[in-house]
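In: Only the shape, not the letters, is given here:
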DNA sequence: AAAAATACTGAATATATGTACAGTATAATA
DNA sequence: TATTATACTGTACATATATTCAGTATTTTT
C-alpha cells in the first residue's frame, strides 16, 4: 500500500462519511460538492489515484461504483481473525494460525484493532483476563508502562503488563501471584512487541 | 412494520447480498438480472412496496439510491443500551437508566442478548469480571446452577453465580473471597432474576 | 362485488453519471 | 533537466439508470 496524500485522504474520508450517512457511495459530483471542487474531473483523478494505490475499487461504468477496500474501511464491518496458539517463529497472522474469524465493527474497540488473540492460561487472571477470553489486539510497538502487551520472547508469545525499568531493562508482569515477573535485558535478549490489548471479548 | 411477501423478501435479500458483495446497492436492472425478471419495472414496483413498508429507503433520482433500513438489515447491527446503576424499584430498561448505547451485531453473543450491564464493584473478580466491564445480559428466568445471573434482591441489583440449594433456598455466590455468599429463603424473601450473563465486553 | 395490492412484461425517456479531452500550475522524482 | 505525480478548472458526451406509462393476470382486502 503506497502512501496517501492529504487530499486523497480527504476524498477517502468523504466517501466513507457519505456511505455511512446515505448507505451508498457518492458520485463524482457529490464528492465535488462536499469538498468544494468545481470540476467532476477533480474527484475523478483522486479516485483513480486512490484506486491505483489500492484504497478503493471502482467498477467501470457503474454509477456510484466505488467500494472502499476492507482493510481501509474504518466504518465498515470486518472479519477479524482469531489467533490461537502461535507456532514458534511463524508470522502471527499467517493463515494456519487463524482459528476462525469474528464479524465485528471496525470501530468496536476505540482505537481500532487488528485481530483477536485467544488467551491461554491464567497468568493475567487478576486483570480479569481468563482462559479462552479473546483479547482485541492492536498491532503497535508504541506501548506505555501499565499497558497490557502481547510480547514475543524467544519463540513464545505471552500477554503481560509492560513495565520499562530503564533504557535496557523491561519487566513483563503477570497479574497472578502464582507467576513470576519476567525481567528482560534488551542487550542480551530479544523482545518483540506484537501489539497491545485494546479490549476484551468473552462469550459464555 | 407491515408484513413482507416472499417475493419482496427475495428482493430485499438480493439487495443485501449485492451490497455485501460489491459495496454498493444494485440498480433495477441488477435486481432483474439476479432474480430473473425481464422488466426493470418489476424491480421498481417491489422496491416501492419495500419502501412503503419501511424496509428500505430510496433517494429519488439518485442511481443506486437504495439503503436498507437498519432494523431490517440482517447483516447489520443494532443499538444496545448500556445500563448503569439501576435505581431502586425502577424498571431496568427505563430510559433514565440508559447511560448510552453500543452498536453491535445482533448475533454477537451466541444466544442473543438484550442489553449491556455496566459492572460495579469487584465481587465477581475471580470470574474475570472487573469494574466497568460490560456484561451482555439476556433477559430470562431460565437459569441453571453455575450461571452468572443478574438478580434483584430487595431493591438492589447484583451479579452473582446462581446456585439453587433446595426448592426454597437459593445461594448467590460472589467470585471474591472478600465477599460472602447471599443465602435467600424464597419463602421469606423475594428474589427476582433479571437475566443471565451471555458474554462480556471490556474496552481499555 | 369492487377496490386495492401483488406480480409481472415491454417500451419510452429524461436525466444522472462516468469518463474522455483540453488546459494550467506546482511539487516531487529520476 | 525531463518526467511523473499531484491538484485542479471547464466542456462535452455516450450511456447507465430511474422512472413513467400502457398492459395483463392473480390474489387479497374491503
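Out: Received it, and whenever you're ready, just let me know what you need. Computed from a predicted model, the values in this text were never measured in an experiment.

In: And the strands in chain A?
Out: Along chain A, the segments classed as strands by DSSP state E run A:56-58, A:66-68, A:77-83, A:98-105, A:115-118, A:134-138, A:148-153, A:156-164, A:169-173, A:182-185, A:191-203.

In: thought residue A:59 was touching residue B:26?
Out: No. With contact defined as C-beta atoms under 8 Å, residue A:59 does not count as touching residue B:26 (11.7 Å). For the C-beta atoms, the positions are set from N, CA and C on the backbone; glycine is no exception.

In: Tell me which of these two has more neighbours.
Out: Ranked by neighbour count (other C-beta atoms under 10 Å in any protein chain shown), residue A:59 and residue B:26 place residue B:26 first, with 24 against 13.

In: can you pull the contacts of that one?
Out: By C-beta atoms under 8 Å, 6 or more residues apart in numbering or on different chains, residue B:26 lies in contact with B:14-15, B:18-19, B:34, B:64, B:66.

In: With residue A:116 instead?
Out: A:80-83, A:102, A:134-137, A:201.

In: ok, of those residues, which one's closest to DNA strand C?
Out: Of all the contacts of residue A:116, DNA strand C sits closest to residue A:80, with 30.5 Å by C-beta to the nearest atom of the strand.

In: near chain A too, which of the contacts of residue B:26?
Out: Among the contacts of residue B:26, the ones lying near chain A by C-beta under 8 Å from any C-beta of the partner chain are B:64, B:66.

In: partners of the helix or strand of chain A with the lowest mean pLDDT in the sheet?
Out: The helix or strand of chain A with the lowest confidence, counting by mean pLDDT, DSSP states H and E, is strand A:77-83 at a mean of 76. Partners of strand A:77-83 in the sheet, by DSSP bridges, are strand A:98-105 (antiparallel), strand A:115-118 (parallel).

In: Worst mean pLDDT among these?
Out: The stretch with the lowest mean pLDDT among these is strand A:98-105, at a mean of 79.

In: what angle do the least confident helix or strand of chain A and strand A:156-164 make?
Out: In terms of direction (axes from the mean of the first three to the mean of the last three C-alpha atoms, to 10 degrees), strand A:77-83 departs from strand A:156-164 by 100 degrees.

In: If we go by neighbour counts, what in strand A:77-83 is buried?
Out: A:77, A:80-83 (16 or more other C-beta atoms under 10 Å in any protein chain shown).

In: Looking at the residues you listed, spot the one nearest residue B:54.
Out: residue A:77 (22.8 Å; C-beta to C-beta).
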